[in-house]
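S.K.: Could you look at this predicted model? Sequence included:
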Amino acid sequence: MTNTTATGVKTEPGIKAIRLRHPWRNTFAVVLLLIVALFIADAAMRPAYNWPAVGKYLFDQRISQAAFITLQLTVYSMVIAIILGVTLAIMRLSPNTVVSSIAWVYLWIFRGTPVYVQLAFWGLIGTIYQSIDIGLPFTEPWVSFPTRVALSAFILAIVGLALNEAAYMAEIVRAGLLSVDSGQEEAATALGMSWFQTMVRVIVPQSMRVIIPPAGNEVISMLKTTSLVTAIPFTLELYTRSRDIAAVTFETVPMLIVASIWYLFFTSILMVGQYFLEKRFARGIGDRRPDKKADDASAALTGVTPVVGSGQPTVVSPATDPYQGDR
Amino acid sequence: MVAVIDTPMVVADRVSKSFGSNEVLKSISLEVKRGEVMCLVGPSGSGKSTFLRCINHLEVVSAGRLSVDGEVIGYREANNKLYEMRPKEAARQRRDIGMVFQRFNLFPHMTALQNVMEAPIRVKGLSKAGVEANARALLARVGLAERADYYPAHLSGGQQQRVAIARALAMEPKLMLFDEPTSALDPELVGEVLDVMQGLARDGMTMIVVTHEMGFAREVADSLVFMDGGVVVESGVPTEVLTNPQHERTRAFLSKVL
């Protein structure tokens, strides 16, 4: 028997291709599920977890307010960090050595010291610089006000977190910008686009694909790093607040679970956001999209769709991919 | 008016270019008339691509004067000296010079149509509706009307290069530069790109083409320049240079590529 493909070429009857089977995967999954079920059943009974207390404090107003403050700290410091990070990344790539050196020194200091230490320093800024003066050096200041009044612990927390994070964002953004083929900048320049237009319209949108996954990492990391602002000291965020409550009620474990549930809730939302952002910036690079199954890609490539376990032989035929003929 | 038409489109006057101590172009002087198609050929490393990139100031010349349509490229002339332009002024000059690259360099995150529309909207500030109609017409002209909404990744190399030509034409350039436009293509796709370029030449576009396609040079070009080692070795009417080269180096090169 011979088959004829759409292109009119006669082919021999196809040869069956059977996929590798993985019986141990299923067995392993069942065993794992059993272990997890046992653990959950045990945890539900264990008094130390004190589930009624978890339920009681999960939506306690003090906790939900603290959760909101944690979210605020994350969002504000991340926004500042991204803006500053992009600026630093572009500065580091500048042909002007003065500009690139400034960025290098910034990175050296803020990446080279622990964020906890930096936050402690920001907390002491009111002691080190007791007033903020605006004016010419060595003359009477035009305006002067005490640092402690101008900069609340909340603002210092945001500044401390943002300046540290900016150093990391700068490297992520720089890697993204460098990942874009230099031909792209040339093409945009040759069309008469300015440097700024080239960046905004051509380079940055393409670098986003590289920037978003590690940046998403940083946002999630920041959400949890907010628990360190106790070094300032700022005590109204989620972890410190739940620890303070636990110190009074002696329900340490339930309060840790409450805090964890809130952190998990926020990170889950952030992960959903990241998924859609990644999809948005994968435009035009469809074949490498993470959500596309490897099977589809290989089928489109070879034109052979393996059939598993069916009685019919696999027939070599053109794939249904509409672009196939033009590749 | 007559004087304007008679002035050449491109005049290179003792143009030199060095990368560090490496002198890539050594005092190149040549002229390209309006409506002329000039092919630049030569072995790799001969400086032909660098010379092409100097014409739209992607490379800055080290010495000499290079002018397009009577305007010195990349420099302002005053007191018999050349002062380098600010990037903004250089960008204004580039608007009128289209360029097509060996590796197409289409913007992968934009569809074919968006690629063609980008520069007229952003650079010239034209309204979207008018630009779109013009862009679709240009895509039809290069035979890709029905591929307007495809992303570059879903187009063949030949199709991508034709979109790149349409993108350059969208700025209504007075000069088109082609940097080995068919070198990255599968052999069977070369013809479709050359056909589009031949159509452009017929319509009177001034073109400078760096190429290894001697057939195209013979049929379409008005003049052929052979470069080697950063100098113009020989130039003239394509059929004459190709069939009766005067220099030994030209002969040696042609014997390998023809």
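M.R.: Received it, and whenever you're ready, just let me know what you need.

S.K.: all strands for the stretch 151-300 of chain A, in order.
M.R.: Taking DSSP state E, counting those that start in this stretch, the stretch 151-300 of chain A contains no strands at all.

S.K.: Might you enumerate the residues of it proximal to chain B?
M.R.: For the stretch 151-300 of chain A, the residues in contact with chain B (CB under 8 Å from any CB of the partner chain) are A:181, A:183-184, A:186-195, A:197, A:201-202, A:205-206, A:281, A:283-287. Where C-beta positions appear, they are placed from N, C-alpha and C, glycine not excepted.

S.K.: One more pass at 7 Å, please.
M.R.: Counting by CB under 7 Å from any CB of the partner chain, the stretch 151-300 of chain A comes close to chain B at A:183-184, A:186-187, A:189-195, A:197, A:201-202, A:205-206, A:283-287.

S.K.: For the chain, which residue occupies the most central location?
M.R.: Went with chain A since none was named. residue A:216 (0.8 Å; CA atoms, centre = their mean).

S.K.: hmm, I had chain B in mind actually
M.R.: residue B:177 (0.8 Å).

S.K.: Let me see the contact set for it.
M.R.: B:52, B:55-56, B:97-99, B:208 (CB atoms under 7 Å, 6 or more residues apart in numbering or on different chains).

S.K.: tell me which residues form a beta bridge with it?
M.R.: residue B:99, residue B:208 (DSSP bridges).

S.K.: can you give me the helices for the stretch 1-150 of chain A?
M.R.: Taking DSSP state H, counting those that start in this stretch, the helices of the stretch 1-150 of chain A run over residues A:23-45, A:51-58, A:61-92, A:97-112, A:115-123, A:125-128, A:147-150.

S.K.: tell me which residues of the second one are tucked away?
M.R.: Read it as helix A:51-58. Using 16 or more other CB atoms under 10 Å in any protein chain shown as the test for burial, helix A:51-58 gives A:53-54, A:57-58.

S.K.: Can you tell me which residues in the stretch 101-250 of chain B are near chain A?
M.R.: So far as CB under 7 Å from any CB goes, the stretch 101-250 of chain B lies against chain A at B:101, B:103, B:105, B:107-110, B:118-119, B:122-123, B:151-156, B:159, B:171.

S.K.: Could you identify the buried members of those residues?
M.R.: B:101, B:103, B:105, B:107-110, B:118-119, B:122-123, B:151-156, B:159, B:171.

S.K.: In helices only, show me those.
M.R.: Of those, the ones assigned to helices by DSSP state H are B:118-119, B:122, B:159.

S.K.: Show me which of the residues you listed is closest to residue B:231.
M.R.: residue B:119 (34.5 Å; CB to CB).

S.K.: Against residue B:47, how distant is the closest residue to the closest one other than its chain neighbours?
M.R.: Counting by CB to CB, 6 or more residues apart in numbering or on different chains, residue A:191 is the residue found nearest to residue B:119 once chain neighbours are left out, at 3.9 Å. Per CB to CB, to the nearest Å, residue A:191 is found 24 Å from residue B:47.

S.K.: Between the two, which is the more surrounded one?
M.R.: residue A:191 (28 against 23; other CB atoms under 10 Å in any protein chain shown).

S.K.: Against residue B:91, how distant is the more buried one?
M.R.: For residue A:191, the distance to residue B:91 - CB to CB - is 9 Å.

S.K.: now swap in residue B:244 and tell me
M.R.: 43 Å.

S.K.: For residue A:129, report the pLDDT, please.
M.R.: On pLDDT, residue A:129 comes in at 88.

S.K.: so who does it touch?
M.R.: Residues near residue A:129 by CB under 7 Å, 6+ apart: residue A:147.

S.K.: returning to that earlier point: more neighbours: residue B:244 and residue B:91, which one.
M.R.: residue B:91 (21 against 10).

S.K.: Can you show me the strands along chain B?
M.R.: Using DSSP state E, the strands of chain B run over residues B:10-19, B:22-32, B:37-41, B:63-68, B:71-72, B:75-78, B:81-84, B:97-100, B:175-179, B:206-210, B:223-228, B:231-236.

S.K.: Dump those strands into CSV; add mean pLDDT as well.
M.R.: What follows is the strands of chain B, written out as CSV (pLDDT from 0 to 100):
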stretch, mean pLDDT
strand B:10-19, 95
strand B:22-32, 94
strand B:37-41, 96
strand B:63-68, 93
strand B:71-72, 92
strand B:75-78, 88
strand B:81-84, 87
strand B:97-100, 96
strand B:175-179, 97
strand B:206-210, 97
strand B:223-228, 96
strand B:231-236, 95
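
S.K.: For these, give me TSV that also has distance to residue B:129.
M.R.: Below are those laid out as TSV (distance: least, CB to CB, whole Å):
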stretch	distance to residue B:129
strand B:10-19	34
strand B:22-32	36
strand B:37-41	34
strand B:63-68	31
strand B:71-72	32
strand B:75-78	37
strand B:81-84	39
strand B:97-100	23
strand B:175-179	26
strand B:206-210	30
strand B:223-228	41
strand B:231-236	45
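
S.K.: Can you say which of these is nearest to residue A:234?
M.R.: Closest to residue A:234 of these is strand B:81-84 (CB to CB; 52.4 Å).

S.K.: Pull up the pairing partners for that closest one, direction included.
M.R.: In the sheet, strand B:81-84 lines up with strand B:75-78 (antiparallel) (DSSP bridges).

S.K.: Please list the outside residues in contact with the strand it pairs with.
M.R.: By CB under 7 Å, 6+ apart, strand B:75-78 touches B:82-85.

S.K.: If you rank these by neighbours, which is first?
M.R.: Ranking these using other CB under 10 Å puts residue B:85 first, with 18 neighbours.

S.K.: from what I can see it touches residue B:74, true?
M.R.: Yes: assessed by CB atoms under 7 Å, residue B:85 is found in contact with residue B:74 at 5.6 Å.

S.K.: Skipping adjacent residues, who's closest to residue 142 in space?
M.R.: No chain was given, so I picked chain A. residue A:135 (4.4 Å).

S.K.: that's the wrong chain, I meant chain B
M.R.: residue B:162 (4.0 Å).

S.K.: What of residue A:74?
M.R.: residue A:223 (4.7 Å).

S.K.: Any idea how far apart the tips of stretch B:237-257 sit?
M.R.: Stretch B:237-257 stretches 18 Å from its first residue to its last (CA to CA, to the nearest Å).

S.K.: Of all the residues in that stretch, which ones are buried?
M.R.: If you call a residue buried by 16+ other CB under 10 Å, then stretch B:237-257 has these buried ones: B:238, B:241-242, B:245, B:249-250, B:253-254.

S.K.: So for that stretch, mean pLDDT?
M.R.: So the average pLDDT for stretch B:237-257 ends up being 93.

S.K.: cool, and stretch A:106-125?
M.R.: 95.

S.K.: Work out the gap between it and the centre of the chain.
M.R.: A distance of 22 Å separates the centroid of the chain from that of stretch A:106-125, by CA atoms, centre = their mean, to the nearest Å.

S.K.: next one: stretch B:96-103
M.R.: Per CA atoms, centre = their mean, the displacement of stretch B:96-103 from the mean C-alpha position of its chain is 5 Å.

S.K.: Great, nothing more from me.
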